[in-house]
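Chemist: no sequence on hand, only this structure:
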């Protein structure tokens, strides 16, 4: 019987497909351009030809040699972050340490009121020990520890990392944070506990790169992971240039997500350009089309600049594919 996921936890149920393939992700070629264009639109919506802007962007990306999985709109300019590879194979899981946060970003689509609840892959856990048992039963190859802001509770975060490392000694561990609470001492402790890398959301911090500069001393493979806000492209190009100068290896782009929990705030910010699309299977959010176009332009700009910084567009199409498999396979009991 399939476990029903709570509203708070549904967004974390990505990965852990019932089966997966190790085959290489194919590179986009000219013959795949139309499929790339189609995957920009919601598959459940009536088919519509791509706009001239999207067609031009896809032609440009193909000519530049974009890499990725066109059928799922998984596009990247260089090597993928290490934690993303198992996720794309259906072998990733996520722990929501808390939904409490030290920020109140207008684009956040976590449910409110915020709660200090722990969940693993969409299943509530009463303790770090229980979270470790659930993860051990799933045996993922990568684990993301997210929130909210996990570092509001550094001791609990460190205890969870140690528990994951104990139960899954070979799993890759990514810690998601807005970076505002990072210190040299905490970074040393996170490294010693077994953290593989960090995912830092600089959109929550007005694109201030100082947390990245500090964290790179301990986690050279860290990734900056942000939603792309329409109208912010000049700021994001400056951010990408700065990340290149700092020697950062990875930037992960998402569309601006719309859900029932942030639509009013997005509307007040003037960022909802069309009626809400029908949701993709397995997701409780959708991506704004204008943001998706911005992601494509930023990919092309990075390729034309020949940045060493790898830019990865993890689209709602990618996430729907992973989530659909995960929701279809269910979540096993820790004691099964």
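Modeler: That came through fine. Quick caveat: nothing in here was measured; it's all calculated off a predicted structure. Numbering: from 1, shown residues only.
Chemist: pull out the buried residues from stretch 132-146.
Modeler: For stretch 132-146, a neighbour-count test (16 or more other C-beta atoms under 10 Å) marks 132-138, 140-146 as buried. For the C-beta atoms, the positions are set from N, CA and C on the backbone; glycine is no exception.
Chemist: residue 65 reaches residue 300, doesn't it?
Modeler: No: the criterion here is C-beta atoms under 8 Å, and residue 65 misses it with residue 300 at 10.9 Å.
Chemist: for the top helix by length along the chain, the distance to its chain's centre please.
Modeler: For the chain, the helix reaching the highest residue count under DSSP state H is reported as helix 289-304. Helix 289-304 sits 17 Å away from the centroid of its parent chain (C-alpha atoms, centre = their mean, to the nearest Å).
Chemist: what does that helix contact?
Modeler: When contacts are defined by C-beta atoms under 8 Å, 6 or more residues apart in numbering, helix 289-304 is touched by residues 40-41, 53-54, 57-58, 60-61, 64-66, 75, 77, 227-230, 232-233, 236-237, 240, 251, 253-256, 271, 273-274, 309, 311, 313, 315.
Chemist: after that helix, which helix or strand is next?
Modeler: strand 310-314 (DSSP states H and E).
Chemist: what does stretch 165-176 rub up against?
Modeler: Contacts to stretch 165-176, defined as C-beta under 8 Å, 6+ apart, come from residues 81-83, 86, 132-133, 135-136, 139-147, 150, 157, 161, 164, 190, 193-199, 201, 223, 225.
Chemist: now, those that are in helices?
Modeler: Reading helices off the contacts of stretch 165-176 with DSSP H, I get 86, 132, 133, 135, 136, 157, 161, 164, 190, 193.
Chemist: confidence-wise, which of those residues comes last?
Modeler: Taken together, the ones in helices among the contacts of stretch 165-176 show their lowest pLDDT at residue 86, with 89.
Chemist: number of nearby residues for residue 306?
Modeler: Neighbourhood size, residue 306 [other C-beta atoms under 10 Å]: 8.
Chemist: hmm, I was thinking of residue 96
Modeler: There are 27 residues near residue 96, going by other C-beta under 10 Å.
Chemist: quickly list what it is bridged to.
Modeler: Note on residue 96: beta-bridge partners by DSSP bridges are residue 119, residue 146.
Chemist: as a check, name the ranges of all strands in the stretch 101-250 of the chain.
Modeler: Listed in chain order, the strands of the stretch 101-250 of the chain (DSSP state E, counting those that start in this stretch) span 118-120, 123-125, 142-146, 172-177, 197-200, 223-227, 250-254.
Chemist: could I get these as JSON lines with distance to residue 289 and mean pLDDT?
Modeler: JSON lines is the format used below for the strands of the stretch 101-250 of the chain (distance: least, C-beta to C-beta, whole Å; pLDDT from 0 to 100):
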{"stretch": "strand 118-120", "distance to residue 289": "31", "mean pLDDT": "91"}
{"stretch": "strand 123-125", "distance to residue 289": "33", "mean pLDDT": "87"}
{"stretch": "strand 142-146", "distance to residue 289": "26", "mean pLDDT": "95"}
{"stretch": "strand 172-177", "distance to residue 289": "26", "mean pLDDT": "98"}
{"stretch": "strand 197-200", "distance to residue 289": "25", "mean pLDDT": "98"}
{"stretch": "strand 223-227", "distance to residue 289": "14", "mean pLDDT": "97"}
{"stretch": "strand 250-254", "distance to residue 289": "14", "mean pLDDT": "97"}
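Chemist: got a markdown table for those strands, with distance to residue 93 too?
Modeler: What follows is the strands of the stretch 101-250 of the chain, written out as a markdown table (distance: least, C-beta to C-beta, whole Å):
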| stretch | distance to residue 93 |
| --- | --- |
| strand 118-120 | 7 |
| strand 123-125 | 10 |
| strand 142-146 | 5 |
| strand 172-177 | 11 |
| strand 197-200 | 15 |
| strand 223-227 | 17 |
| strand 250-254 | 18 |
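Chemist: could you check the pLDDT of residue 122?
Modeler: Turning to residue 122, the model gives it a pLDDT of 74.
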